[in-house]
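Colleague: return atomic coordinates for the entry below.
(chains A and B)
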Amino acid sequence: MAESGFEGFEKRLELHFSGDDPITGLRQIEFETLEEILSAVQCTVVSSVGNHYFDSYVLSESSLFLYPTKIIIKTCGTTQLLKSIRPFLHYACTIGLSLTRCMYTRGNFIFPKSQPYPHTSFKEEVIYLEQTLPENLFYKKASVMPSKLSSHAWHVFSAVDQSYLIDNADDHDDQLFTLEVCMTELDCLLAKKFFRRHNDGKTSDAAGKEMTLMTGICDINPNAHICDFAFDPCGYSMNGLDGDRYSTIHVTPEDGFSYASFECVGSVYDDCRKISEVLKKVVQVFRPGTMSVSTTSTSHELWTRVATAVEQQGMKCRSCTVDEFPAAGSVVFQTFTSRRK
Amino acid sequence: MAGVEEGQLISCHTIEAWEEQMQKGNDSKKLIVVDFTASWCGPCRIMAPFLAELAKKLPSVTFLKVDVDELKSVAADWAVEAMPTFMFLKEGKIVDKVVGAQKEMVQQTIAKHMNTSTSAI
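Modeller: Below you'll find the model as predicted:
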C-alpha cells in the first residue's frame, strides 16, 4: 500500500429538520451562503442540477443533496465535514427549521494520520458532534462496527429528537433504506477508464459524460438523470436523480490507493430484484478486491438480498455485523472479498 | 412581459408570449436559447446572472426564460424534468440540450451553433 495519497473514503452526514416551511425549505439557500458553508469544510461546487424533489451538487470532494427538510453531504480527502454542522444549523434557524435528527457515518480511512481535526479519531469526532448538536437531540448512540478485515470498519453516530420518534413513526422516510458501498483494490484495467487522456480538450462535464457511458455507470439506473464530472488528470464523480431518490458515485482510480464508492436510496417496498440488479452492475463496473456494504433500514430482510446479489458476482462474504440506532433502524455492515484473493 | 429588444433575456410569463417568441424565432432563423428554470431550484439561481450576462454580450442570439411552474404545459411538452435545462433551437427545431448548471457547456454549445448559423455574428 502507498504511504500517502488521496483519501477516497468519505465522511457522510445526514441532517433532518422540521419547521414551518417544508415546501421549499433548505433549497432557498443563496449560493453565496452555501459557498461559505462549504469553504468551512474546504470544498467547492463543481456541478449542479435540481428536479422537483431536491437539488444535487457535485463537489470538488464528493457530493451534497439538499431536500426541503433534509441535507445529505459526503466529502472525501482531508475535508472537515463536521464543520458544516454549525453553519447549516444557523442557516436552517433563519428560515424557521430546527434539527430533529443527525446521522454521521464513515469507513476506515486509508491514511488516518493525514486527517485534520475533528477527524483525527472517531472519539474526537463523537466529542465534536456532541458539543455541536443542539440539546434536544437527546437520544444518541455511537458505535464502531468491526469486520474481519482490518482495512474495513464502519463508524456510526446517530442522534435524534424525541419528537422525531413520535411524529415520524409512519413517515415516508421510514420506508427508505440507504445503501453505502465502499470498494478498494479496483480492477486495474477498469480503474484506467477514470483517467483522462492528456489534453483531451474537453470540459470536465463532457469528459465526465464520456466516462459515465464508457464504464457502464449509465446502466446502473437507466432512469436516472446523471450529473457527472471528470477531474484532471483522474477521478470521477456523479450524482443521479430519479424522482425523489438520489444515487452517487465517486472514484479515486490511482493504483495503490484506488477507491470507489456507490450510494443510493430505495424503498423497502421496491421489487427486490431491483437492488440485486443495481449491486450486480456496481460490482461489474469496478471489480473490487474488497468491498463493504452498509445497509441502513427498518427492514430486516434487505441485507440478505445484498449478500446474495454480491456473492452471485463472484465475491465472498467475510463478515456481517448488525447494530440498532434510534430512528435510523438497523445498520448492517457486510464485507466481501473477491474470490481471486 | 419584459422588454423585447435585442441583447436581453426575455421572460415568457404566458403561453401567448412564449408562442409569439417561438414564431419570431422561426421567422428570423436566429439561434434561440431557452432556459427552463424554477424559483425553488438552487442550481437555477447559480445560472441566472451568468445567462443575463451572456444575453447582453450576444445580441445575435435570442435568450428566453421559462419558469416551469408558470408554463407547466410547455415544460411538460418539452419533457423538462431536471433544472436548469437549456434548449437550443433553430427554425423551431431543438438542435441541442444542456441539463444542469454547466456554464462552460452552455457557452460552448452557443458557440457551436452560432458558427453554423447564417445570421450569426
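Colleague: is the residue in the stretch 51-200 of chain A positioned nearest to chain B in a bridge, and if so with what?
Modeller: Nearest residue of the stretch 51-200 of chain A to chain B, counting by CB to the nearest CB: residue A:55, 4.2 Å away. Every C-beta, even on glycine, is put in place using the N, C-alpha and C of the backbone. Beta-bridge partners for residue A:55, by DSSP bridges, are residue A:50, residue A:66.
Colleague: who's in contact with the nearest residue to residue A:111 once chain neighbours are set aside?
Modeller: Computed as CB to CB, 6 or more residues apart in numbering or on different chains, the closest residue to residue A:111 that is not its neighbour in sequence is residue A:7, at 5.3 Å. Applying CB atoms under 8 Å, 6 or more residues apart in numbering or on different chains to residue A:7 gives the contacts A:76-78, A:109-111, A:114-115, A:257.
Colleague: adding pLDDT, neighbour count and secondary structure, write those out as CSV.
Modeller: As requested, the contacts of residue A:7 are arranged in CSV below (pLDDT from 0 to 100; neighbours: other CB atoms under 10 Å in any protein chain shown; DSSP: H, G, I helix; E, B strand; the rest coil):
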residue, pLDDT, neighbour count, secondary structure
A:76, 97, 27, coil
A:77, 97, 19, coil
A:78, 97, 15, coil
A:109, 96, 18, coil
A:110, 95, 21, coil
A:111, 96, 18, coil
A:114, 96, 15, helix
A:115, 97, 20, coil
A:257, 96, 20, coil
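Colleague: at which residues are the helices of chain A located?
Modeller: For chain A, the helices defined by DSSP state H cover A:31-41, A:85-94, A:122-132, A:162-167, A:188-192, A:204-215, A:272-286, A:302-311.
Colleague: swap that for chain B, please
Modeller: Counting by DSSP H, the helices of chain B are B:15-28, B:42-57, B:72-77, B:103-115.
Colleague: among those, which is the most enclosed?
Modeller: Mean neighbours per residue, mean count of other CB atoms under 10 Å in any protein chain shown, is largest over the helices of chain B for helix B:42-57, with a mean of 18.
Colleague: need the pLDDT of the spatially most central residue of chain B.
Modeller: For chain B, the residue nearest the mean C-alpha position is residue B:34 (1.7 Å; CA atoms, centre = their mean). If you check residue B:34, the pLDDT there is 97.
Colleague: might you enumerate the residues of chain B proximal to chain A?
Modeller: Applying CB under 8 Å from any CB of the partner chain, we find that chain B lies next to chain A at B:38, B:40-46, B:81-84, B:99-102, B:104-105, B:108.
Colleague: tell me where the model's unsure across chain B.
Modeller: Where chain B drops to pLDDT under 70, the residues are B:1-6, B:115-121.
Colleague: about what we covered before: so the residue of the stretch 51-200 of chain A closest to chain B touches residue B:38, yeah?
Modeller: No. The criterion here is CB atoms under 8 Å, and residue A:55 misses it with residue B:38 at 10.2 Å.
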